[in-house]
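> Take this sequence and fold it.
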Amino acid sequence: MTSSPRHTPNRRGEGDRLRQDLIAAANRLLEAGASHESLSLRAVAREVGIAATSVYLHFPDKVALLLAVYQEHFAVLARHLEEAVAGHDDPAEQLHAVARAYCRFAEEHADVYQVMFTLPGPIGRVPREITSEERPGLPAILTFQRVISACADAGIAKITDPWPATLCLWGALHGILSLRAARPTLPWPPMDDLIDAIVATHLEGSTGA
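Now for the predicted structure:
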C-alpha cells in the first residue's frame, strides 16, 4: 500500500520569501506590458518557476495579488512624501515640497508609477464599502490632505473642505505627469515650474487672489 504524499511545511521565512517573489514577478509582468485583465496567476507562477496551485497558498485570487503589488509601491511613495514634508515647517513650503516629491517619484520610477495606476478602482469592483486596506494610495493622499489643511489653518488657503481640494491638486499633478509622458514633443516648461504654477494657482485661487 502506497501512502499519499504529505505536504512539507515551508522552513521559517520561506513562505514570506515566496510571497515576495510572487509580488515581484507580477510587477515584472505588469512593467513588461501585461494589463490587469491579461495578467494571470498561472503566468505569475511560471515567472517564479512554481506550480500554479502554489500561488493560492498566499493569494486567493488575482485581485489580492494585484493589491499586494500596489500596496508595496504606494507605501514607498507615502514614505517619500512624509520625508519631504518633514523637511519644512512652513505649510506653503510643505505643499511645494510634497508636490515636488510626488512628481519626482513618478519621473524617477516611471514604470512603477504606470503600474500603480493600471487597475481601475475600486479593486474588485464589488458593490460594497471599500476598506482602507483596499485603498493602497490612501496614506499618500492623506499626506496631501494634511498639508492642505495646515495651509487652511495658517490662513493661506480659504478651504472649507480639504478633501475636494486634495483631490483637485492630486488630479492636476497626475494630469501633468500623464500629459508629459503622452506628448513629450510639446515645449513643456521645466517640471518644477509647472509644479510651482499648480501649487500657486491652488493656493491663490483658494484665497481669491
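> count of residues packed around D90?
13 (other Cβ atoms under 10 Å). To be clear about C-beta, it is placed using only N, CA and C from the backbone, and glycine gets the same treatment.
> Same question for E47.
If we define neighbours as other Cβ under 10 Å, then E47 has 16 of them.
> Work out for me the element the nearest residue to it once chain neighbours are set aside sits within.
Of all residues not flanking E47 in the chain, A25 sits nearest, at 3.9 Å (Cβ to Cβ, 6 or more residues apart in numbering). Assigned by DSSP states H and E, A25 belongs to helix 14-31.
> Kindly format the C-alpha coordinates of that helix as PDB.
In PDB, the C-alpha atoms belonging to helix 14-31 read as follows (Å, rounded to 0.1, in the frame of the first residue of the first chain):
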ATOM      1  CA  GLU A  14      10.400  30.600   3.100                       C
ATOM      2  CA  GLY A  15       6.700  31.300   2.900                       C
ATOM      3  CA  ASP A  16       7.300  35.100   3.200                       C
ATOM      4  CA  ARG A  17      10.100  34.900   0.600                       C
ATOM      5  CA  LEU A  18       7.800  33.100  -1.900                       C
ATOM      6  CA  ARG A  19       5.100  35.700  -1.300                       C
ATOM      7  CA  GLN A  20       7.600  38.500  -2.100                       C
ATOM      8  CA  ASP A  21       8.800  36.500  -5.200                       C
ATOM      9  CA  LEU A  22       5.200  36.300  -6.400                       C
ATOM     10  CA  ILE A  23       4.700  40.100  -5.900                       C
ATOM     11  CA  ALA A  24       8.000  40.900  -7.700                       C
ATOM     12  CA  ALA A  25       7.100  38.500 -10.600                       C
ATOM     13  CA  ALA A  26       3.600  40.100 -11.000                       C
ATOM     14  CA  ASN A  27       5.200  43.500 -11.000                       C
ATOM     15  CA  ARG A  28       7.700  42.500 -13.700                       C
ATOM     16  CA  LEU A  29       4.900  41.200 -15.900                       C
ATOM     17  CA  LEU A  30       3.000  44.400 -15.400                       C
ATOM     18  CA  GLU A  31       6.000  46.600 -16.200                       C
END
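> Other residues contacting that helix?
10, 36, 39, 43-45, 47-48, 50, 54-55, 57-59, 65-66, 68-69, 72-73, 111-112, 114-115, 118 (Cβ atoms under 8 Å, 6 or more residues apart in numbering).
> Would you confirm that V55 contacts V44?
Yes. V55 lies in contact with V44 (Cβ atoms under 8 Å); the separation is 6.3 Å.
> Next, show the common contact partners of the two.
Any residue near both V55 and V44 by Cβ under 8 Å, 6+ apart counts here, and that gives 22, 65.
> Helices of the protein, start to end?
In the chain, the helices defined using DSSP state H lie at 14-31, 41-48, 52-55, 62-86, 91-108, 110-116, 138-153, 162-182, 191-207.
> List the residues that contact the residue nearest to the spatial centre of the chain.
For the chain, F74 is the residue whose C-alpha lies nearest the centre (Cα atoms, centre = their mean; 3.6 Å). By Cβ under 8 Å, 6+ apart, F74 lies in contact with 116, 136-137, 139-140.
> if I look at it, how far off is L167?
From F74 across to L167, the span is 16 Å (Cβ to Cβ, to the nearest Å).
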